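A.B. asks: I would like the atomic coordinates for the input below:
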Amino acid sequence: MVAFENTTDNVLTVERSLPVEVLPGGETPRGSLFLSSMDCWALAVVPTLYTFDRGDANVVDVIKQALSRVLVHYYPLAGRIAKNSLGKLTVDCEKKLGVPFVEASANCDIEDMGDIKMLDSDILEKFVYRDPTEKMLEVTPLLTAQVTRFKCGGFTLGVVVNHCMTDGISAIDFMNSWAEIARGKPSSFIPCHDRTFLKSRVPPQIGDHYNDFARVGDISNMTTSWEREPTVFKSFHINGEKLATLKKMATTDGQARSNCSSFVVLSALVWRARTMALKMKPHQLTQLLIYVDFRPKMKEHMPDGYFGNAVVLPCCLCTAGELIDEPISSTTERIKKAIERVDEDFVRSAIDYMDKYRFEPYRVSSLLISSWMGLDYGDFDFGWGGPRQLGTGNLLPTDCVFMREESENKKDVAVVLGLPLSAVNTFQELVQI
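C.D. replies: Residues are numbered from 1 along each chain as shown. Predicted coordinates:
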């Protein structure tokens with residue numbers, strides 16, 4: 001067992017075993033799996049942590065054995081990234097090298113973890129297993145798992161998955177299937193691994209609306225703040241009353257619009273507040289990109305159970321001066337129109353663009369917002385009840401996530417993002433309307 005201690009107060013100690021490779025518990029297809037251009041743009045690992053208030057002595061074995069069985073259905077997760085003769089990325093399903101699984105124990109109660117929505121990387125990495133080959137694309141595992149037991153009898157399940165394999169909706173389907181099998185039930189969900197539905201067109205047909213892929217520079221010298229100051233990742237609480245107030249502010253006629261969602265008005269608030277907190281110059285271009293699931297947008301019905309990335313990022317682009325000076329009703333209209341542009345033509349054009357051009361990371365003047373509000377993780381019952389909390393970490397400076405806030409008011413939201421230290425208080429004041 002290897003011990004990890006919290007370097008700040010030496011309170012939290014986690015001991016964990018060496019990883020054991022879990023293989024599919026039955027015959028699975030061989031060959032290679034096609035990855036779409038959207039999958040290939042998403043080559044980043046995503047850690048998530050789930051907390052469960054109770055378990056028993058069998059919790060590790062039950063979850064590990066269920067993982068072996070669920071991998072029969074989700075066999076690509078046991079494979080490795082490879083390149084075909086054209087240099088395109090695929091998943092090699094011949095070499096089933098398995099999923100590293102780690103058993104661990106913590107020296108505290110699970111309540112001592114507090115709010116886990118955004119964990120410091122030093123703490124998070126005690127509860128998720130990051131493979132040492134993570135930066136070696138064609139060697140590293142596509143999924144890892146760690147179960148950590150606590151003194152109180154509760155446990156956490158930490159999962160690290162390569163984003164090229166799954167978006168949020170597919171990840172939920174996988175976790176639900178894993179939990180069902182752990183409870184002794186057959187999986188109620190059959191994944192479809194054929195991603196050729198999202199092949200690019202030959203020749204590519206790229207539309208003329210691609211501000212979505214514009215690379216916006218940093219003329220406000222914000223990068224220096226990120227480099228010189230500590231980055232503070234924090235969860236900001238927005239309650240239902242504040243959201244209702246926002247909706248009233250986001251009207252042009254004084255009457256709340258039924259079609260103006262909480263997500264849209266909150267995105268407008270966060271974009272404006274971040275722009276001001278980072279002290280962008282008036283002529284600085286600022287870019288908001290929204291993750292949109294396009295499964296319901298396709299005229300040709302996508303395969304049932306599609307397992308992979310099915311999201312696009314429609315964009316709003318304007319100067320910081322325009323954004324700050326305009327009423328929030330105008331900002332919400334920008335966002336609504338961007339989202340409404342997503343149809344099959346938009347999606348196909350985005351696929352062609354991503355297949356033709358190399359991905360370049362977004363600059364700090366861009367903000368990418370994703371909502372986990374609709375991801376129903378409450379049913380991840382491995383036999384001892386569903387998870388109490390979901391958390392993550394290691395976000396990029398351009399990322400922002402909306403998560404459910406655990407409270408009596410089901411409309412409360414947690415806004416999770418990272419900011420340079422000097423910008424945190426300003427952002428806090430601006431979102432506390």
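
A.B. asks: the helices in the stretch 201-350 of the chain, which residues?
C.D. replies: With DSSP state H, counting those that start in this stretch as the criterion, the stretch 201-350 of the chain has helices at 222-228, 240-249, 262-277, 320-325, 328-340, 344-356.

A.B. asks: for those, which one sits closest to Lys199?
C.D. replies: helix 344-356 (7.7 Å; C-beta to C-beta). Just so you know, the C-beta spots here come from the backbone N, C-alpha and C atoms, and that holds for glycine as well.

A.B. asks: output the helices of the stretch 201-350 of the chain as JSON lines; include the columns distance to Lys126 and mean pLDDT.
C.D. replies: Listed next are the helices of the stretch 201-350 of the chain as JSON lines, based on distance: least, C-beta to C-beta, whole Å; pLDDT from 0 to 100:
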{"stretch": "helix 222-228", "distance to Lys126": "25", "mean pLDDT": "89"}
{"stretch": "helix 240-249", "distance to Lys126": "34", "mean pLDDT": "85"}
{"stretch": "helix 262-277", "distance to Lys126": "30", "mean pLDDT": "96"}
{"stretch": "helix 320-325", "distance to Lys126": "39", "mean pLDDT": "97"}
{"stretch": "helix 328-340", "distance to Lys126": "37", "mean pLDDT": "93"}
{"stretch": "helix 344-356", "distance to Lys126": "35", "mean pLDDT": "91"}
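
A.B. asks: quick one, which of these is packed in tightest?
C.D. replies: helix 262-277 (a mean of 23; mean count of other C-beta atoms under 10 Å).

A.B. asks: show me what that one is packed against.
C.D. replies: helix 240-249, strand 285-290, helix 320-325, helix 328-340, strand 366-371, strand 399-404, strand 413-420, helix 421-431 (3 or more C-beta pairs under 8 Å, 6 or more residues apart in numbering; DSSP states H and E).

A.B. asks: that helix vs strand 366-371, what angle?
C.D. replies: 150 degrees (axes from the mean of the first three to the mean of the last three C-alpha atoms, to 10 degrees).

A.B. asks: the closest residue to Ala42 other than its chain neighbours: how many residues sit nearby?
C.D. replies: Using C-beta to C-beta, 6 or more residues apart in numbering and skipping the chain neighbours, the partner closest in space to Ala42 is His163 (3.9 Å). As a burial measure, His163 scores 17 neighbours (other C-beta atoms under 10 Å).

A.B. asks: quick one on the thing from earlier: can you lay out the helices and strands packed on helix 262-277 as CSV showing distance to Trp41?
C.D. replies: Converted to CSV, those look like this (distance: least, C-beta to C-beta, whole Å):
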stretch, distance to Trp41
helix 240-249, 32
strand 285-290, 12
helix 320-325, 26
helix 328-340, 19
strand 366-371, 12
strand 399-404, 15
strand 413-420, 21
helix 421-431, 28
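
A.B. asks: among the helices of the stretch 201-350 of the chain, which is nearest Ala44?
C.D. replies: Closest among these, using C-beta to C-beta: helix 344-356, at 14.8 Å.

A.B. asks: C-alpha coordinates for that closest one, PDB please?
C.D. replies: Only the C-alpha atoms of helix 344-356 are listed here, as PDB (Å, rounded to 0.1, in the frame of the first residue of the first chain):
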ATOM      1  CA  GLU A 344     -28.000  18.800 -38.800                       C
ATOM      2  CA  ASP A 345     -26.400  21.100 -41.300                       C
ATOM      3  CA  PHE A 346     -24.500  22.900 -38.600                       C
ATOM      4  CA  VAL A 347     -23.400  19.600 -37.100                       C
ATOM      5  CA  ARG A 348     -22.200  18.100 -40.400                       C
ATOM      6  CA  SER A 349     -20.300  21.300 -41.200                       C
ATOM      7  CA  ALA A 350     -18.700  21.200 -37.700                       C
ATOM      8  CA  ILE A 351     -17.600  17.600 -38.300                       C
ATOM      9  CA  ASP A 352     -16.100  18.500 -41.600                       C
ATOM     10  CA  TYR A 353     -14.200  21.500 -40.100                       C
ATOM     11  CA  MET A 354     -12.800  19.500 -37.300                       C
ATOM     12  CA  ASP A 355     -11.700  16.700 -39.700                       C
ATOM     13  CA  LYS A 356      -9.900  19.200 -41.900                       C
END
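
A.B. asks: so it versus helix 328-340, what angle?
C.D. replies: Using the same axes, to 10 degrees: helix 344-356 against helix 328-340 is 80 degrees.

A.B. asks: pull the distance from helix 344-356 to the chain's centre.
C.D. replies: Here helix 344-356 is found 21 Å from its chain centre; the criterion is C-alpha atoms, centre = their mean, to the nearest Å.

A.B. asks: what's that helix packed up against?
C.D. replies: helix 37-40, strand 311-312.

A.B. asks: could I get those as TSV with mean pLDDT and mean neighbour count?
C.D. replies: Shown next, in TSV, are these (pLDDT from 0 to 100; neighbours: other C-beta atoms under 10 Å):
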stretch	mean pLDDT	mean neighbour count
helix 37-40	93	22
strand 311-312	94	21
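
A.B. asks: can you put those in TSV and add distance to Gly31?
C.D. replies: What follows is the helices and strands packed on helix 344-356, written out as TSV (distance: least, C-beta to C-beta, whole Å):
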stretch	distance to Gly31
helix 37-40	17
strand 311-312	26
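
A.B. asks: so for Ile110, which of the helices of the stretch 201-350 of the chain sits nearest?
C.D. replies: Nearest of the helices of the stretch 201-350 of the chain to Ile110, taken as C-beta to C-beta: helix 240-249 at 27.2 Å.
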